[in-house]
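K.L.:
sequence-free structure coming up:
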């Protein structure tokens, strides 16, 4: 019998972004369980093994990953990677991602496994590319957040789910301060760097199920399933603290301190997606009227006070 991918192991598909510089782990399977990660990884410019595979359009097998000069140990596999095999996903003359399998033991994968993962990638690439193109159509290239056309359909989906399961649902709208001034002074590149830094800090502050959507130039929605107004207010506090804890440094050495206004609305159990969105925007206007790093909750919702 030929070789087989061992258990325990981790299989994952990394899709590249518009610039082929960064990837998202969009499919992951471990121990027979399909996971839905949000991990972002460097996938271009030769960084890491995944980056090398993408740049060189060549499959590779590593028997002792920690000893390999290009290998970088991640923190989301559930085990320390000791061996891996990876193959590029090739479509329409370009690499669109990387299919990889990892294992917690050294010298696990064989030449047969490397051939097998390449064949699997070739069989799956058309479906993966179709899904990639659909996602890119709904994704903001600067922040890798969903774009505004995704907002109302997602709110409709989440309100229907909250009604079906009688669960809480909140949204937070975040408006980044002074982005227009940053773009005027430092150009589009400076503005894009600030946006990217902002999105990264927000993702650090929120839960895995929360969904970040860019609605406008400087305005983002965070959809928070199974979260009431009190929980959303706690999350908003973390976002404000995380934005304040670390500045964004531009290429010319300029330092930008991020501040924002945040509005929160909890779904009332019957309103439509548009009305839900509008209540959150009303709360944002209340927060903006109070100044930078202010948080407001939509009228009628009173999170419990401390103590």
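P.N.:
Thanks, I have the structure now. From a predicted model like this one, the values you see are computed outputs, not experimental measurements. Numbers count the residues shown, from 1 in each chain.

K.L.:
where exactly do the helices run in the stretch 101-250 of the chain?
P.N.:
Assigned by DSSP state H, counting those that start in this stretch, the stretch 101-250 of the chain shows helices spanning 111-137, 151-165, 179-205, 229-245.

K.L.:
those helices: lowest mean pLDDT?
P.N.:
Among those, helix 111-137 carries the lowest mean pLDDT, at a mean of 84.

K.L.:
quick one: buried residues of it?
P.N.:
Within helix 111-137, the residues that count as buried by 16 or more other CB atoms under 10 Å are 113, 114, 115, 116, 117, 118, 121, 125, 128, 129, 132. Where C-beta positions appear, they are placed from N, C-alpha and C, glycine not excepted.

K.L.:
same deal with stretch 250-258?
P.N.:
250, 256, 258.

K.L.:
coming back round to it: okay if I get the helices of the stretch 101-250 of the chain as TSV plus distance to residue 92?
P.N.:
Output for those, formatted as TSV (distance: least, CB to CB, whole Å):
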stretch	distance to residue 92
helix 111-137	7
helix 151-165	28
helix 179-205	27
helix 229-245	39
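
K.L.:
and the residue nearest to residue 150 when sequence neighbours are not counted, what is it in contact with?
P.N.:
In this structure, residue 150 finds its nearest non-sequential neighbour in residue 138, 4.7 Å apart by CB to CB, 6 or more residues apart in numbering. By CB atoms under 8 Å, 6 or more residues apart in numbering, the contact set of residue 138 is 146, 147, 149, 150.

K.L.:
farthest pair within those?
P.N.:
In terms of CB to CB, the contacts of residue 138 reach their longest pairwise distance at 146 and 149, which sit 8.4 Å apart.

K.L.:
which of these two has more neighbours?
P.N.:
Just comparing residue 146 and residue 149: by other CB atoms under 10 Å the higher neighbour count belongs to residue 146, 22 against 11.

K.L.:
surely the more buried one meets residue 139?
P.N.:
Yes: in this structure residue 146 lies within contact range of residue 139 using CB atoms under 8 Å: 6.1 Å.

K.L.:
quick revisit: any idea how far the residue nearest to residue 150 lies from residue 112?
P.N.:
Distance, residue 138 to residue 112, by CB to CB, to the nearest Å: 38 Å.

K.L.:
and residue 293, how many neighbours?
P.N.:
Counted with other CB under 10 Å, residues neighbouring residue 293 total 17.

K.L.:
ok, now which ones touch it?
P.N.:
Contact analysis of residue 293 by CB under 8 Å, 6+ apart lists 240, 243, 244, 259, 260, 261.

K.L.:
let's go with 10 Å and repeat that
P.N.:
177, 239, 240, 241, 243, 244, 258, 259, 260, 261, 262, 287 (CB atoms under 10 Å, 6 or more residues apart in numbering).

K.L.:
number of residues surrounding the closest residue to the first one other than its chain neighbours?
P.N.:
Counting by CB to CB, 6+ apart, the nearest residue to residue 177 once its immediate chain neighbours are dropped is residue 259, at 4.5 Å. One way to gauge burial is a neighbour count; for residue 259, by other CB under 10 Å, it gives 16.

K.L.:
can you find the helix or strand of this structure with the lowest average pLDDT?
P.N.:
Across the helices and strands of the chain, mean pLDDT, DSSP states H and E gives its lowest value to strand 33-35, namely a mean of 33.

K.L.:
what are the buried residues along the helix or strand containing residue 50?
P.N.:
Using DSSP states H and E, residue 50 maps to helix 48-56. Buried positions in helix 48-56, judged by neighbour count with 16+ other CB under 10 Å: 48, 49, 50, 51, 52, 53, 54, 55.

K.L.:
what separates the helix or strand following that helix from the chain centre, distance-wise?
P.N.:
Per DSSP H and E, the first helix or strand lying C-terminal to helix 48-56 is strand 60-62. Offset of strand 60-62 from its chain centre (CA atoms, centre = their mean, to the nearest Å): 27 Å.

K.L.:
how about stretch 133-150?
P.N.:
For stretch 133-150, the distance to the chain centre is 11 Å (CA atoms, centre = their mean).

K.L.:
is it true that residue 214 touches residue 220?
P.N.:
Yes: taking CB atoms under 10 Å as the definition, residue 214 is a contact partner of residue 220 at 5.4 Å.
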